[in-house]
Structure formats: C-alpha cells, structure tokens
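Participant: Mind looking at a prediction? Sequence and model below.
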Amino acid sequence: MRTSSLIRAGFIKVGFIKAGFIKPSRIAACLLLCLAWLLAAPAMAAPGSGQLRIGVMTMQPGEIFWERFGHNALVVDDPVLPSPVSYNYGFFDLTEPGFVWRFVRGEMQYQLVALPLEEDLAYYREVGRGVSMQWLDLAPEQARRLADALAVNAQPENARYGYDYFTDNCSTRVRDALDTVLDGGLQRQMSSRSRGNTYRSEAVRLASPAGWMWLGFDVGLGPFADRPLSRWQEAFVPMRLADSLREATRADGAPLVRGEIELLPHRIAPEPAERPRRTWPWLLAGLLAASAVARAPRRQDRLVAAFALPVWTLSGVFGLLLAFIWCCTAHRAGWANANLLLLSPLCLLLLRGGWRIARGGAPGRFLRRASFLVAGCALLTLPLQLLPGAQFQLPWIALLLPLHLAFAWRWRR
C-alpha cells in the first residue's frame, strides 16, 4: 500500500512540470527516490522483515514407538510477540486418569499446545531428530487469520481433540488449518493426485524398525487400510505433507512455500525407504513348514504336536485380539479384518487334542473336525482376494494357509 501511494505521488509531481511550479532537477531527484523505494520494497516484504509469517515445521521420525511417524507443527512468527510460537498438536498426558483404557478403545484425547519455538526445538535437538521449516507465502490477511485461529484453538477449553492414527492426527490438523485459510485450495490440489500408497503401506514402512509394531499394524489393519490414498489423505504422514506443500501453489499460481531451511540436523536412523512387499519368501516359508508337518513319519507325531501347540496358541490369541478390535473399539481401521480367518480363535479348540498327542495319545475325533474347520476358514481368504477392495493379506495367506492345510491333513485319521 505504501508503494502504491508513492507511485501516485510521483505522477502528481510530474503533472506540475507543465505549469512550471517545480524545477526539472527536483523532478529528477523525486523520480530517483521513487525508483529506489520500488527496488527496496520487495526486500522489505521478505521473511524476517517484521511482518507476520507462518511456517510449517516438520520433525523426522524418532526412536520411541509413538514417534515413528514423524511430527509437525505450525509456527507463528509475529513481530508483536517476543519470540516465534510453535503450535503443536501432538501433546497427550500419560498420567491422565483412564488414558490407557481410552488408548485401547481408540478414544484417545490429544491437545494443541502453544509454546516458544526454541522450547519446542529443545527436545528434538536432545534426541537427535532432524527438523526443517517451510515458510509459507500467505497473504497478510491469511496469515493473520490463521494466527488468530490458532491462538483461539490453543485455549484450554478448545485445545483437546479426539485423536485418530490416520484421519485426525497432528499432521492432518496442520493440513486442515492451512486449507481453511486457503479457502479449500490445498485440498483441491491434493485430492486429485495419488501415488498409490495406502494407510497399510505407510504404517508398515514407518513402523518397520520396530518389529512388534510392524507386525501389529500389518496383522491388525483391515480393508479400510488398503484403499489407495490421495495426496490429501496421505498427508497424515508429516513428511508426506511437507512433500506436497513443496508442490502446492497459491490461487495466483505462485508457489505456496516461500523458502525452506533446516533447523536441526537428523542424527539418528533415517526415515525407512519405500520397499515393495514380496510374497514369495512368505510362500516359501509356508510351504517348507507345511511339507515338514505333512511328511513327518507317524512316530514323530509328538514332535509335530510340539510345533503345532505354539502356532495354535498364537493364532487363537491374535484372533481374539482382532475380534476385540472389531467388536469393542473405535479403531475402524481394524474392523472387518479378514486375518481373522487365518488367525482364528477356533485354533484354541485344538489345544486340548494337541496336548494329548504331545503326551503320546491319539488325535481324537474332535481334533480332526476342528482342524478341518480351521483349514476351511483359512481357505475362504482365497476367494475374498478376488473381490473389489480386498484386504491386502497375501503374505499371511502364503505363510499360514499351507500350514493349516497340513495340520488338517496330518490329523485326518
């Protein structure tokens, strides 16, 4: 606005030349002054000039299991404040009454916390997690509107929200806040594109350094987790959101990100790379185990039973857990899980007969019938794979289906 006013003033002074009220030398000096101001105006509007600016801070994955997906926050650098403020949606209270039960039920409460940027960075510096900042090129009124909304959202009565791993987490909250001030422009750009990733592929990839966490996601996720994601949905991962922001544009076509800097170097293991899921190693392991079970001499029944008992126990326990997630929790990503056909609670019915064989007894009619029932349930996973939107479970089918069939064959008579 100041630049425009000065330009208009220059034209007014030029208009007085013909009337002879201003000398040409003074006119030239005024024009040079206006030109100098025009050249200086862009630099004065740059970040760090005293104008309100908004940044997206992205933290790389950490080593604690709840840090495996990375993290992000919105930063408000307001000249009227003593220091930049980090608005961090990732806070929760482990000591809160009932936290563990709400965690199990999928009813966790997270909250937005506003704290000085340096205080927020101190933790990531201590644990060695890399942090980068993307300063956004928002219009002044957009930046002010977002800063005011964050300040209101951070008030204690507004700060808490119902957390969901995939659809409502720290990163989707940052994404949605930006989309609001951009009047839906971010969603329009990100919803029309996809890289083919799914909730399962991203969760398994990021959890892979922790074997138990990787196993839990891959076994526990149902068909909801296998839909191809748009870039908008993929932004539940903070690093994916940062990637999309680099390609985003404003309404006038200019890049949304004005500049990106590294605040802290990453000193621990990097983010796991994308790798294709191969089924053949699982199939090879399943066929080898099934062959050993089916071809073992009858005198080795006790040894086969000793192998079968932990397999049936683990399958039954996992099956009960999957059934609990489907029936008794709000973890919708785990509902309708077809792995229940492979890791069936029915396997627990086989334990009594297995103990009998391990002690040198005969299998018994009940064990034979129950083992055929378990194998029949596992076989149902094959036609399910032909249906549209089928759950990705080929590795588990390749591993467990041959084994269930081999046990049923072993105890058929």
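Facilitator: That came through, no problem.
Participant: Helix or strand with the lowest mean pLDDT in this structure?
Facilitator: One helix or strand of the chain scores below all others by mean pLDDT, DSSP states H and E: helix 2-15, with a mean of 27.
Participant: Okay, now the unreliable bits of the protein?
Facilitator: 1-50, 413 (pLDDT under 70).
Participant: Just give me the residue right at the centre of it.
Facilitator: Taking C-alpha atoms, centre = their mean, the centroid of the chain lies closest to Val237, which sits 3.2 Å from it.
Participant: Checking the closest residue to it other than its chain neighbours next. Helix, strand or coil?
Facilitator: Spatial nearest neighbour of Val237, chain neighbours left out: Glu202 (5.6 Å); criterion: C-beta to C-beta, 6 or more residues apart in numbering. Any C-beta I mention is one placed from the backbone N, CA and C, and that applies to glycine too. At Glu202 the chain is in helix, as set by DSSP: H, G, I helix; E, B strand; the rest coil.
Participant: Thought Pro238 was touching Glu202, still the case?
Facilitator: No - the criterion here is C-beta atoms under 8 Å, and Glu202 misses it with Pro238 at 11.3 Å.
Participant: Tell me which of the two has more neighbours.
Facilitator: The neighbour comparison of Glu202 against Pro238 (other C-beta atoms under 10 Å) goes to Pro238, with 26 against 22.
Participant: now the longest helix seen in the chain, how far from the centre of its chain.
Facilitator: Longest helix of the chain, by residue count under DSSP state H: helix 301-328. Computed by C-alpha atoms, centre = their mean, to the nearest Å, the chain-centroid distance of helix 301-328 equals 30 Å.
Participant: for stretch 365-372, same thing?
Facilitator: With C-alpha atoms, centre = their mean, you get 43 Å for stretch 365-372.
Participant: mind listing the strands for the stretch 201-350 of the chain?
Facilitator: Using DSSP state E, counting those that start in this stretch, the strands of the stretch 201-350 of the chain run over 257-264.
Participant: What of the stretch 1-150 of the chain?
Facilitator: 53-59, 71-77, 85-91, 109-116, 131-136.
Participant: Tell me who's in contact with Leu399.
Facilitator: By C-beta atoms under 8 Å, 6 or more residues apart in numbering, Leu399 lies in contact with Trp282, Leu283, Ala285, Gly286.
Participant: at 6 Å what do you get?
Facilitator: Leu399 makes contacts with Trp282, Ala285, Gly286, as judged by C-beta atoms under 6 Å, 6 or more residues apart in numbering.
Participant: Equivalent analysis for Ala203, please.
Facilitator: By C-beta under 6 Å, 6+ apart, the neighbours of Ala203 are Phe217.
Participant: give me that answer again for 8 Å
Facilitator: Applying C-beta under 8 Å, 6+ apart, the residues near Ala203 are Phe69, Tyr165, Phe166, Phe217, Leu221, Ala225.
Participant: how close does the closest residue to Ala273 other than its chain neighbours sit to Ala242?
Facilitator: Nearest residue to Ala273 in three dimensions, chain neighbours excluded: Arg205, at 7.9 Å (C-beta to C-beta, 6+ apart). Arg205 sits 16 Å away from Ala242, going by C-beta to C-beta, to the nearest Å.
Participant: still on that earlier bit, how about the strands of the stretch 1-150 of the chain in a markdown table, adding distance to Ala149 and mean neighbour count?
Facilitator: Shown next, in a markdown table, are the strands of the stretch 1-150 of the chain (distance: least, C-beta to C-beta, whole Å; neighbours: other C-beta atoms under 10 Å):
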| stretch | distance to Ala149 | mean neighbour count |
| --- | --- | --- |
| strand 53-59 | 11 | 25 |
| strand 71-77 | 10 | 24 |
| strand 85-91 | 10 | 21 |
| strand 109-116 | 11 | 17 |
| strand 131-136 | 15 | 21 |
